[in-house]
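Novice: Build me a model from this:
(chains A and B)
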Amino acid sequence: MKSWLFPIIQTAVVVILLVSYYAASWFGEQYVLRAEPFDPFDPFYGEYVMLQYPDLQTSSVTDDSSVYFTLKNGDDGYAVIDRIDNESFFGAIEGSVYGGSVTAPQLEQFYVEQGLGPQLESAQNLQVTIDVSSWGTIRPINLQERSE
Amino acid sequence: MDTEQKLKQWQQAGLLDQETAEQILAFEKRQPAPKKLPLLLMIGLIFFSLAIFSFIAANWQAIPDLAKVLLMLALMWLFYSIAHFSEKKTFGSPLLFRVIGLAMFGATLLVAAQTFHFPLANSALPWAMFLAALAHFFYWKNLIYSVIGFLFGAAVLISFLPDIGWLEWGIFIAIAIAWFYFSKSFAPVAFSWILLFASGFMLWGLVDYDSSLWPIWTLFALVLLLLIAPEHKQRMIRPLYLLAAGMLLAAYLAVRGQTFISIIDASHMAEAIALAIAGVGVLVLCFFKFRSLMWIAIAGSIGLLLFDETAIGLAVVAELSALAYLIIAQRQNEPLGLGFVYFIVVQFVIYIIYAWDRLDMSLFFLIGALLLFLLSAIAWWINRRKEGVKL
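Specialist: This next block holds a predicted model:
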């Protein structure tokens, strides 16, 4: 009977993982970010698009491997940085700053359908929809071309 | 050929008497006939599963996020269930099904990672597989799980880079030590030891102080592991220590002698001296406890020897230690194989360092080949003498 313990525990691990992602949607807010692509493909996980965010800029913190920030919806409907700090605070997303651009590990890449990467990369103008939980975890929902 | 025909032949040749032949025949008839799946059924099943998989693959993007993960989970459960019943009813190979089940767990995590856009530098997946493989290993005690555990343990270490925290590193080491401590056979003990040794390399990322000597410190720290190991386990892993020490000495010699990487400067003097003192400590400990490991104390001198830019000191130490090891091992009738490989490696590292720039290319390879022949001839000769052949 003990041998069933393994699939049960392993299922529990997967369920916890899934719940932690869905929780961002259940107890969080949705933002749409303006995004630009660069350099796709990972042989292990599949095809993805690396993303950078023109709206997520800071002048108060320059080049730091760990910063903490929150988002708010800007006037044009795309999210911008609300508060950014070197110290952790509740609800903050943990990320990094390089050359004034802010990003988070969860925002850096988006997995796409095989073959779609080059098309999205050449599109240049993209938008990403994400759910951010009230304790700072992110669930990326959608990546699509931006109509402006 | 048929058993009956064979028996008749043997009987005619006078190898068997009538009675024995009949007994054998009766015994063979009582054996259950091997169950075979009809070939066409097997081919049909393969095509059917290919059809299912290609159907899923073609519609992969249309499947909702959650359903994708649940599909992989269902496959995992399917294989664990088959394993369970194959063990109960003794058909097929429960081990194989369970390994596939474990692989499906990995596949589930991969699909979750892709569906929910995990960050690339994420160690959750290798961690989960590492722990699951170890749990399988301790429950079913099969070598294959220790191989899987080793591979994913290495993946955990790699996933630590570039940002590594003390806590995660400490937990990894605690788990690797537990694996080492509770394993009995050679493979898992060696695997856990290698992971422990490799986690010492992570100190380059953990500590702000820039040292080139972390691998030697790690090797010395691992000597403490022998204190908790029973006698038979000590004997099992002894070659690993000697091997690691030999490789380190040859590697530092090659780096110092052949490259222009500045690996040490005046600010490291205190560390080099501390390492030499630690080396003396290891020497004393090994003298009283594990005498055959005293050789690894030589690595303690590497720090100080690195300050010499010509690498002559390192070369002399490597050469003398190789020779001394061989002579002593031969006198004590111990295996010489590894000692010889080390000896030959040292000769070639020294040869490349001091001859590469000074010789014409073709001459370099010609002399190198002759050197290799000469060394192999010596090895062969010593081995012959050891086996007691009179000359």
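
Novice: so what strands line up beside whichever helix or strand A:R34 is part of?
Specialist: Per DSSP states H and E, A:R34 falls inside strand A:28-38. Paired neighbours of strand A:28-38 in the sheet (DSSP bridges): strand A:48-52 (antiparallel), strand A:126-133 (antiparallel).

Novice: Mean neighbour count and mean pLDDT for those - can I get that in JSON lines?
Specialist: C-beta coordinates here come from the backbone N, C-alpha and C atoms, glycine included. Below are the strands paired with strand A:28-38 laid out as JSON lines (neighbours: other CB atoms under 10 Å in any protein chain shown; pLDDT from 0 to 100):
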{"stretch": "strand A:48-52", "mean neighbour count": "20", "mean pLDDT": "81"}
{"stretch": "strand A:126-133", "mean neighbour count": "21", "mean pLDDT": "88"}
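
Novice: Tell me which of the ones you listed sits nearest to B:A297.
Specialist: Proximity to B:A297 (CB to CB) singles out strand A:48-52 among these, at 49.1 Å.

Novice: Can you list the neighbours in contact with that closest one?
Specialist: Residues outside strand A:48-52 that contact it (CB atoms under 8 Å, 6 or more residues apart in numbering or on different chains): A:35-42, A:101, A:103, A:107-112, A:117, A:120-121, A:126, A:128, A:143, B:117.

Novice: Would you mind listing which of those residues are buried?
Specialist: Among those, those scoring as buried are A:35-37, A:40, A:103, A:107-112, A:117, A:120-121, A:126, A:128, A:143, B:117 (criterion: 16 or more other CB atoms under 10 Å in any protein chain shown).

Novice: Tell me which of these fall in helices.
Specialist: A:G117, A:L120, A:E121 (DSSP state H).

Novice: For the last one, which non-adjacent residue is spatially closest?
Specialist: The shortest distance from A:E121 to any residue other than its chain neighbours is 4.6 Å, reached at A:P37 (CB to CB, 6 or more residues apart in numbering or on different chains).

Novice: Please tell me how far that neighbour sits from A:N142.
Specialist: 14 Å (CB to CB, to the nearest Å).

Novice: likewise B:L320?
Specialist: For B:L320 relative to A:N142 (CB to CB), the value is 67 Å.

Novice: Over to B:I175?
Specialist: In terms of CB to CB, B:I175 sits 38 Å off from A:N142.

Novice: Same check on B:D357?
Specialist: Where A:N142 is concerned, B:D357 sits at a distance of 60 Å (CB to CB).

Novice: Now tell me which helix or strand of chain A has the poorest mean pLDDT.
Specialist: helix A:117-123 (a mean of 73; mean pLDDT, DSSP states H and E).

Novice: how about the residue of chain A at minimum distance from chain B, phi and psi?
Specialist: For chain A and chain B, the shortest gap (CB to the nearest CB) falls at A:P105, measuring 3.3 Å. Torsion angles at A:P105 (phi, psi; degrees, to the nearest 10) stand at phi -50, psi -40.

Novice: Got the confidence number for it?
Specialist: pLDDT recorded at A:P105 is 82.

Novice: cool, A:D64 as well?
Specialist: 69.

Novice: What residues does the residue in chain B sticking out farthest from the centre make contact with?
Specialist: The C-alpha centroid of chain B is most remote from B:Q18, which lies 55.8 Å away (CA atoms, centre = their mean). B:Q18 makes contact with B:Q11, according to CB under 8 Å, 6+ apart.

Novice: swap in B:V207?
Specialist: Here B:V207 is in contact with no residue (CB under 8 Å, 6+ apart).

Novice: Tell me the helices and strands packed up against the least confident helix or strand of chain A.
Specialist: strand A:28-38, strand A:48-52, strand A:138-145 (3 or more CB pairs under 8 Å, 6 or more residues apart in numbering or on different chains; DSSP states H and E).

Novice: any idea of the angle the longest one forms with strand A:138-145?
Specialist: Strand A:28-38 runs at 50 degrees relative to strand A:138-145, counting by axes from the mean of the first three to the mean of the last three CA atoms, to 10 degrees.

Novice: List the buried residues for whichever helix or strand B:R235 is part of?
Specialist: B:R235 belongs to helix B:231-258 when elements are defined using DSSP H and E. Within helix B:231-258, the residues that qualify as buried are B:233-234, B:236-237, B:240-242, B:244-246, B:248-250, B:252-257, counting by 16+ other CB under 10 Å.

Novice: Next, the angle helix B:231-258 makes with the helix or strand sitting right after that helix along the chain.
Specialist: Sequence-wise, the next helix or strand downstream of helix B:231-258 (DSSP H and E) is helix B:269-288. Using the same axes, to 10 degrees, the direction of helix B:269-288 lies 150 degrees away from that of helix B:231-258.

Novice: Can you list the low-confidence ranges for chain B?
Specialist: B:1, B:34-35, B:119-122, B:162, B:386-391 (pLDDT under 70).

Novice: what residues does chain A put near chain B?
Specialist: Proximity of chain A to chain B (CB under 8 Å from any CB of the partner chain) is limited to residues A:2-4, A:6-7, A:9-11, A:13-14, A:17-18, A:21, A:42, A:45-46, A:48, A:65, A:104-106, A:108-111, A:113, A:139-140.

Novice: Which among those residues count as buried?
Specialist: Using 16+ other CB under 10 Å, the buried ones in these are A:6-7, A:10-11, A:13-14, A:17-18, A:21, A:45-46, A:48, A:104-106, A:108-111, A:139-140.

Novice: I'd assumed B:A329 was in contact with B:P335.
Specialist: Yes - between B:P335 and B:A329 a contact is recorded at 7.3 Å, counting by CB atoms under 8 Å.

Novice: Show me which of these two is the more surrounded one.
Specialist: The neighbour comparison of B:P335 against B:A329 (other CB atoms under 10 Å in any protein chain shown) goes to B:A329, with 18 against 10.
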